[in-house]
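Peer 1: sequence? don't have it. structure:
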């Protein structure tokens, strides 16, 4: 016969282990909720907003036999001309979606995951948490957020050589040789204040995906820095072809 003492000796350590393991998860979930906003945990009205491009000439208007793109096979076979779709996403869209989805999956229920949408699908929506990837030059929702009267964090401007740059608190940040620059910004949604608006934008593709990598890799530290629902803007520097090289070079929070 198994006595109650035997059961306690066997079960209690396992129960203690389970409780101990759940404590860090609960703490991280609370921090995630504080940093990204409570609605993100529930997964409803949470949007990962991507920026599609359209080819100027429709497939139906192409001259017979003319292709718009080339698929490179890197020596495995001859490169192939491709007519391709009218609407395309950049390669960095795959990377930023991966970073966001992996972070959300740790704390969101499977049946309530963030929605991946194109910017044109949410043009007139504000009731939600929006994670916008791409600058105001290519993402409509980023453009709308950047032009909110409440935006006192940054602007997309031009440097002395008429190249695109980010202007943060009077300082200009441009692309350098083999170096891209990006922005990570968090705004309190002025229309639905339980939600946040996030922007990960780059002057080039690697600036955008490097900014996204930095946000979802460093959110715990950022939560400790920017408590009490403060708006903030970070300038990120990233080496071309290496999101993991992303580092903060400037910060601003009014």
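Peer 2: All right, it came through fine. Keep in mind the model is a prediction, meaning the values are calculated, not measured.
Peer 1: where do the strands sit along the chain?
Peer 2: Under the criterion DSSP state E, strands of the chain are mapped to 46-50, 53-54, 69-71, 80-82, 87-88, 115-118, 129-133, 155-158, 164-168, 171-174, 179-188, 196-202, 232-239, 247-252.
Peer 1: Over to stretch 223-231 now: how far is its first residue from its last?
Peer 2: End-to-end distance of stretch 223-231: 11 Å, with C-alpha to C-alpha, to the nearest Å as the criterion.
Peer 1: where does that stretch sit relative to the chain's centre, distance-wise?
Peer 2: 18 Å (C-alpha atoms, centre = their mean, to the nearest Å).
Peer 1: Go through the strands of the chain and name the closest to residue 94.
Peer 2: Closest approach to residue 94 among the strands of the chain (C-beta to C-beta): strand 46-50, 9.7 Å. No exception for glycine: its C-beta is placed from N, CA and C like everyone else's.
Peer 1: a markdown table please, covering the strands of the chain and showing distance to residue 139.
Peer 2: Listed next are the strands of the chain as a markdown table, based on distance: least, C-beta to C-beta, whole Å:
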| stretch | distance to residue 139 |
| --- | --- |
| strand 46-50 | 7 |
| strand 53-54 | 11 |
| strand 69-71 | 22 |
| strand 80-82 | 25 |
| strand 87-88 | 14 |
| strand 115-118 | 10 |
| strand 129-133 | 5 |
| strand 155-158 | 11 |
| strand 164-168 | 14 |
| strand 171-174 | 19 |
| strand 179-188 | 12 |
| strand 196-202 | 7 |
| strand 232-239 | 16 |
| strand 247-252 | 21 |
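Peer 1: In contact with the residue positioned nearest the centre of the chain, which residues are there?
Peer 2: Closest to where the C-alpha atoms of the chain average out (C-alpha atoms, centre = their mean) is residue 212, at 4.3 Å. Residue 212 makes contact with 95, 96, 99, 100, 133, 200, 243, according to C-beta atoms under 8 Å, 6 or more residues apart in numbering.
Peer 1: one more time with 10 Å, if that's ok
Peer 2: Taking C-beta atoms under 10 Å, 6 or more residues apart in numbering as the contact definition, residue 212 lies against 48, 92-93, 95-100, 103, 131, 133, 182, 184, 198, 200-202, 236, 243, 246.
Peer 1: ok, back up a step: any chance of the strands of the chain in JSON lines, with mean pLDDT too?
Peer 2: Converted to JSON lines, those look like this (pLDDT from 0 to 100):
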{"stretch": "strand 46-50", "mean pLDDT": "96"}
{"stretch": "strand 53-54", "mean pLDDT": "88"}
{"stretch": "strand 69-71", "mean pLDDT": "89"}
{"stretch": "strand 80-82", "mean pLDDT": "88"}
{"stretch": "strand 87-88", "mean pLDDT": "88"}
{"stretch": "strand 115-118", "mean pLDDT": "94"}
{"stretch": "strand 129-133", "mean pLDDT": "98"}
{"stretch": "strand 155-158", "mean pLDDT": "95"}
{"stretch": "strand 164-168", "mean pLDDT": "96"}
{"stretch": "strand 171-174", "mean pLDDT": "96"}
{"stretch": "strand 179-188", "mean pLDDT": "97"}
{"stretch": "strand 196-202", "mean pLDDT": "98"}
{"stretch": "strand 232-239", "mean pLDDT": "98"}
{"stretch": "strand 247-252", "mean pLDDT": "97"}
